[in-house]
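In: Sequence and predicted model, in that order:
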Amino acid sequence: MKKLLALVLTGVLGVSLLTACGSSSSASSASSAPAETASTESASAPAETESASGSALDKDTLVIGTNAAFPPFEYAGDDGTPAGFDIELINAIGEKLGKKVEVKDMEFDSLVASIGNKIDIAIAGMTVTEERQKMVDFSDPYYEAVQNVIVTKDSAIASADDLKNKKIGVQLGTTGDFIASDIEGSEVSQYNKAVDAVNDLINGRVDCVIVDANPAQEFVSQHTEELTALEGSQFGFETENYAIAMPKGDTALVEAVNQALKELKEDGTFDKLVAENITGE
Ligand code: GLN
């Protein structure tokens, strides 16, 4: 709820408040947008990261947001800090750009609204969607994905029709959440971590979990006796593309990130990271 409010504040109210509050300060409207948690009274709090006009590329350190609960793309590593494919990829990109990279672990659902204020970039197995494109710019896609449906081995769920009127567990604010909410008669339980949805599936509180294929397979691999992950194509789910999210309009950053991504693909680094983190060494 707080997040929704923050989103409204930064996205919509921010603009209308500023227009309403006076013609006097129209020139710097975007830089004085309210911070995510600010009350309307303190609407002049400056953004924590780059100014509205500058590029995040002007900074020495890029602040990266992720949600370290989405293996193998990101998870808590041995020392508790985020590890995984996306983290290695963004570090390699940072190196190409000559920038330090600082990774913050956040809730997935707050990433998009935090870009341009709390963080410069989000990398989190994030699917490019039209809704998100209204708020952020995406890099070129770097990974193709699809949702899976995790069920218990004794489940009768096998087709799109079978998902109707079911209790579906999802991670809040994810494409799995959006798909589940669109299913006729669905009763959707939203969790901050997909693994909690999986635990509730084992406990019988939900009938299935809709989550991206790679994490689905990781979760199922921990419970092979009880669970199985069904292919999204079986349910008519469309393929999705993961990309890196950046502040809307920061073209310099987007171009630099795309160039770095291209070089990492050309020099074999990207494939090496895929092999080491996703497809198995
Ligand atoms: N790919 C999904 C999405 O973008 C889930 C991402 C995640 O949970 N990290 O919504």
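Out: That came in fine, so what should we check first?

In: For the residue most central in space within the chain, give its distance to the ligand.
Out: In the chain, the residue lying closest to the centroid (Cα atoms, centre = their mean) is Met126, at 3.8 Å. Per Cβ to the nearest ligand atom, to the nearest Å, Met126 is found 4 Å from the ligand. For the C-beta atoms, the positions are set from N, CA and C on the backbone; glycine is no exception.

In: was I right about that residue contacting Ile90?
Out: No. Proximity of Met126 to Ile90 does not meet the contact threshold set by Cβ atoms under 8 Å, at 12.0 Å.

In: Residues that sit against both of these two, list them.
Out: Ile244 (Cβ atoms under 8 Å, 6 or more residues apart in numbering).

In: In terms of secondary structure, what does the longest helix along the chain contact?
Out: Counting by DSSP state H, the longest helix found in the chain is helix 251-266. Judged by 3 or more Cβ pairs under 8 Å, 6 or more residues apart in numbering; DSSP states H and E, helix 251-266 is in contact with helix 85-97, strand 136-138, strand 245-247, helix 269-274.

In: what about 6 Å?
Out: Helices and strands touching helix 251-266, by 3 or more Cβ pairs under 6 Å, 6 or more residues apart in numbering; DSSP states H and E, are helix 85-97.

In: got a list of contacts for whatever helix or strand comes next after the helix it packs on?
Out: Following helix 85-97 in sequence order, the next helix or strand is strand 100-105 (DSSP states H and E). The contact list for strand 100-105 (Cβ atoms under 6 Å, 6 or more residues apart in numbering) reads Asp60, Thr61, Leu62, Val63, Ile64, Gly65, Thr66, Ala68, Pro82, Ile90, Asn91, Gly94.

In: ok, those vs Glu130, which is closest?
Out: Gly65 (20.9 Å; Cβ to Cβ).

In: In the beta-sheet assignment, what are the partners of that closest one?
Out: Lys104, Ala122 (DSSP bridges).

In: where's it relative to the ligand, distance?
Out: 11 Å.

In: Contact partners for that residue?
Out: Taking Cβ under 6 Å, 6+ apart as the test, what Gly65 contacts is Lys104, Met106, Leu111, Ser114, Ile119, Ala122.

In: Relative to Gly125, how far out is the third one?
Out: Pointing back at Leu111 there. As judged by Cβ to Cβ, to the nearest Å, Leu111 and Gly125 stand 11 Å apart.

In: for the record, mean pLDDT for stretch 113-131?
Out: Stretch 113-131 shows a mean pLDDT of 98.

In: Only C-alpha atoms, please: export that stretch in CSV.
Out: Output in CSV follows, covering the C-alpha atoms of stretch 113-131 (Å, rounded to 0.1, in the frame of the first residue of the first chain):
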residue,chain,number,x,y,z
ALA,A,113,9.7,3.3,-8.5
SER,A,114,13.2,3.5,-6.9
ILE,A,115,15.0,4.0,-10.2
GLY,A,116,16.3,7.6,-10.6
ASN,A,117,16.0,8.3,-6.8
LYS,A,118,17.2,5.4,-4.6
ILE,A,119,19.0,3.5,-7.3
ASP,A,120,20.4,4.2,-10.7
ILE,A,121,19.8,0.9,-12.3
ALA,A,122,17.8,-2.3,-11.5
ILE,A,123,18.8,-5.7,-12.6
ALA,A,124,16.5,-8.4,-11.3
GLY,A,125,15.4,-10.8,-14.0
MET,A,126,13.1,-8.0,-14.8
THR,A,127,10.8,-8.6,-17.8
VAL,A,128,10.2,-5.7,-20.2
THR,A,129,6.5,-4.8,-20.0
GLU,A,130,4.6,-1.9,-21.5
GLU,A,131,3.6,-0.7,-18.0
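
In: mind listing what's buried in that stretch?
Out: 113-128 (16 or more other Cβ atoms under 10 Å).

In: And the contacts of stretch 183-202?
Out: So stretch 183-202 is contacted by 69, 107, 163-165, 167-172, 177, 180-181, 206, 209, 211, 215, 219, 226 (Cβ under 6 Å, 6+ apart).

In: Okay, and which of the residues you listed map to helices?
Out: Per DSSP H, the contacts of stretch 183-202 map to helices at Asp177, Ala180, Ser181, Pro215, Phe219.

In: Quick one: buried ones out of those residues?
Out: Counted by 16+ other Cβ under 10 Å, these give Asp177, Ala180, Pro215, Phe219 as buried.
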